[in-house]
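A.B. asks: could you look at this predicted model? Sequence included:
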Amino acid sequence: MYRKSLLQSKRGGFAIAIVLCAVILVLVIGAGVLSIGMHGRALAVRTSSEIAARSAADAGLTKALYEMNQQLEAKTWNDSSLPSATDEPLPNCDSSFSYNVAKTTTADGNDLYTLRCTGNSGLFQKTVNATMELKGIFEYAIFVADNITLKNGTTISAYNKKPGDPPLQIGTNSTASGAITAKTGVTIDGDVVIGVGGDTDTVIDNKAEAAISGDAYSSLIKNKTPAIKVPSSLLNMPSSGDLTGSSIISTSVVYDSIDLTGASGDLNKVDIITVIAKNVEIYVTGDLRLGNLDELQITSLASLTIYLGGNLFIDNSGAINNLTMNPKKLKIYGLDTCAAVDFKNSGAFYGAIYAPEADIRLHNGVKIYGAMVGKSFIQDVNADFYYDMSLREVDPTEIGVHMVIKRWSE
């Protein structure tokens, strides 16, 4: 009896030990799982905070860039009052960002803007740095939305180059087959850029012995051609009606049209419009037409900007004669309603034309010194095109100038 009780007692003690071991094992496993869960949660919180801080920093950079471009568009830019922010909250979260912009000038005289932006989320920070620069609308020698056609013997080259300048570029936003056609003997002394995702072998037709000295490649982003806005000073100015004869212009003026093609009834009459002052602006709501031997002349001490609502037509022996021989002194901006720019004359044209909705056509041997932006571009004969590289040098007061990111680092 006593022995039986002792055996039962030992069996009970053994069972309790097993149960205790099981409980301890469960507790250990539970503690391990809890520790893993806590560690995972802490890692998740840290990762989400880092992501939120990074997002805040990126948002600050985007906001700073937006503010700068808004100031450039509104012509309120001031280098002594560049955008900044301190602990600005990021909407719909607990993050914030701070940024400041500073201007620097490189050894070769180019202005750069540096941005430092810090995003905060809880105990975490992320800082991004960017170097930005001003870009204008004449970055390309020739740029179009659709087609470029270069006839036999044309050469496109650049002048006013500086050491370190990027190569000349011509380009299109199109990816269509044959969008850029270069005939026999055409030489492009630079790069050819096509639309995003395009195949250069398909888009560029230079099989007829045309030569491209630079590279051919597709753009990473679609090149924007913003619409031009006429300054309010011209919009509010009363029109002087139609200009049909010789005139001397020394101040800004608005015309319904300029037509020197014999509107007065005398088809043999030769008319000259002479611009004699600096910073003259002309807004033509309709067409600008120069007939045979007619001339729009910019004197050697003058400069002219034309805002054109209609089309530009220059007949045989007519001319836009920029005596400064500086393309920066003559700029023609075609509005959305400008659909055609037609040169039928020979000679030389010094100027920059920006008419993103216009078909630009050079019929005769006119030599271009400057840059052109249009919907399409056709050069019918072997007239050379010289891109003025100084057109890439812009300041905040110029039309269409915008800020872009040149370099970025974290």
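C.D. replies: Structure received.
A.B. asks: where does the stretch 101-250 of the chain dip in pLDDT?
C.D. replies: The model of the stretch 101-250 of the chain has pLDDT under 70 over residues 108-109, 207-208.
A.B. asks: can you give me the helices in it?
C.D. replies: Counting by DSSP state H, counting those that start in this stretch, the segments of the stretch 101-250 of the chain that form helices are 200-203, 232-235.
A.B. asks: any chance of those helices in TSV, with distance to residue 112 and mean neighbour count too?
C.D. replies: Backbone N, C-alpha and C define where each C-beta goes, glycine included. What follows is the helices of the stretch 101-250 of the chain, written out as TSV (distance: least, CB to CB, whole Å; neighbours: other CB atoms under 10 Å):
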stretch	distance to residue 112	mean neighbour count
helix 200-203	31	16
helix 232-235	31	12
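A.B. asks: any chance of those in CSV, plus distance to residue 394?
C.D. replies: Rendered in CSV, the data for the helices of the stretch 101-250 of the chain read as follows (distance: least, CB to CB, whole Å):
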stretch, distance to residue 394
helix 200-203, 29
helix 232-235, 21
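A.B. asks: and of these, who's closest to residue 190?
C.D. replies: With CB to CB as the measure, helix 200-203 is the member of the helices of the stretch 101-250 of the chain nearest residue 190 (14.5 Å).
A.B. asks: phi, psi for residue 60 please.
C.D. replies: Here the main-chain torsion angles of residue 60 (degrees, to the nearest 10) amount to phi -60, psi -40.
A.B. asks: which of the helices of the stretch 101-250 of the chain sits closest to residue 298?
C.D. replies: Relative to residue 298, the nearest member of the helices of the stretch 101-250 of the chain by CB to CB is helix 232-235, separated by 18.2 Å.
A.B. asks: counting contacts, what elements does the closest one pack onto?
C.D. replies: strand 280-284 (3 or more CB pairs under 8 Å, 6 or more residues apart in numbering; DSSP states H and E).
A.B. asks: next up, the contacts around residue 238.
C.D. replies: Contact partners of residue 238, counting by CB atoms under 8 Å, 6 or more residues apart in numbering, are residue 254.
A.B. asks: go on, residue 82?
C.D. replies: Applying CB under 8 Å, 6+ apart to residue 82 gives the contacts 68, 100, 101, 102, 103, 113.
A.B. asks: quick check on those: which are buried?
C.D. replies: In terms of neighbour count (16 or more other CB atoms under 10 Å), the buried residues within the contacts of residue 82 are 68, 101, 113.
A.B. asks: can I get these in a markdown table with distance to residue 302?
C.D. replies: As requested, those are exported to a markdown table (distance: CB to CB, whole Å):
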| residue | distance to residue 302 |
| --- | --- |
| 68 | 32 |
| 101 | 36 |
| 113 | 33 |
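A.B. asks: which of the residues you listed lies closest to residue 50?
C.D. replies: Taking those together and measuring to residue 50 by CB to CB, the closest member is residue 101, at 24.8 Å.
A.B. asks: could I get the contacting residues of that closest one?
C.D. replies: For residue 101, the residues meeting the contact criterion (CB under 8 Å, 6+ apart) are 64, 68, 82, 83, 84, 113, 114, 115.
A.B. asks: let's see 6 Å
C.D. replies: If you count contacts by CB atoms under 6 Å, 6 or more residues apart in numbering, residue 101 has them with 82, 83, 113, 115.
A.B. asks: from the contacts of residue 82, which is closest to residue 54?
C.D. replies: residue 100 (18.6 Å).
A.B. asks: where along the stretch 1-150 of the chain do the strands fall?
C.D. replies: Assigned by DSSP state E, counting those that start in this stretch, the strands in the stretch 1-150 of the chain fall at 84-89, 96-105, 111-121, 124-135, 142-144, 148-150.
A.B. asks: for residue 397, which of these is the nearest?
C.D. replies: Set against residue 397 and scored by CB to CB, the strands of the stretch 1-150 of the chain come closest in strand 124-135, at 10.5 Å.
A.B. asks: list the buried residues of that closest one.
C.D. replies: Buried residues in strand 124-135, counted by 16+ other CB under 10 Å: 124, 125, 126, 127, 128, 130, 132, 134.
A.B. asks: next, format the strands of the stretch 1-150 of the chain as a markdown table and append distance to residue 386.
C.D. replies: Shown next, in a markdown table, are the strands of the stretch 1-150 of the chain (distance: least, CB to CB, whole Å):
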| stretch | distance to residue 386 |
| --- | --- |
| strand 84-89 | 42 |
| strand 96-105 | 29 |
| strand 111-121 | 26 |
| strand 124-135 | 21 |
| strand 142-144 | 11 |
| strand 148-150 | 14 |
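A.B. asks: for the ones you listed, which one sits closest to residue 371?
C.D. replies: Residue 371 lies closest to strand 142-144 among these, at 7.2 Å (CB to CB).
A.B. asks: summarise which helices and strands that closest one is packed against.
C.D. replies: If you count contacts as 3 or more CB pairs under 6 Å, 6 or more residues apart in numbering; DSSP states H and E, strand 142-144 packs onto strand 169-172, strand 366-379.
A.B. asks: given it, what are its sheet partners and their directions?
C.D. replies: Strand 142-144 sits in its sheet next to strand 169-172 (parallel), strand 366-379 (parallel), going by DSSP bridges.
A.B. asks: how far does it sit from the chain's center?
C.D. replies: The gap between the average C-alpha position of strand 142-144 and the chain average comes to 13 Å, counting by CA atoms, centre = their mean, to the nearest Å.
A.B. asks: for that strand, buried residues please.
C.D. replies: By neighbour count, and taking 16+ other CB under 10 Å as the criterion, the buried residues in strand 142-144 are 142, 143, 144.
A.B. asks: ditto for stretch 389-408
C.D. replies: Along stretch 389-408, these residues count as buried under the neighbour rule (16+ other CB under 10 Å): 389-394, 396, 398-403.
A.B. asks: let me know the angle separating the longest strand anywhere in the chain from strand 366-379.
C.D. replies: Longest strand in the chain, counting residues (DSSP state E): strand 347-362. Angle between the axes of strand 347-362 and strand 366-379 is 10 degrees (criterion: axes from the mean of the first three to the mean of the last three CA atoms, to 10 degrees).
A.B. asks: could you number the chain from 102 rather than 1 from now on?
C.D. replies: With 102 as the first residue, the last one maps to strand 448-463.
A.B. asks: average model confidence for strand 448-463?
C.D. replies: Mean pLDDT, computed over strand 448-463, is 95.
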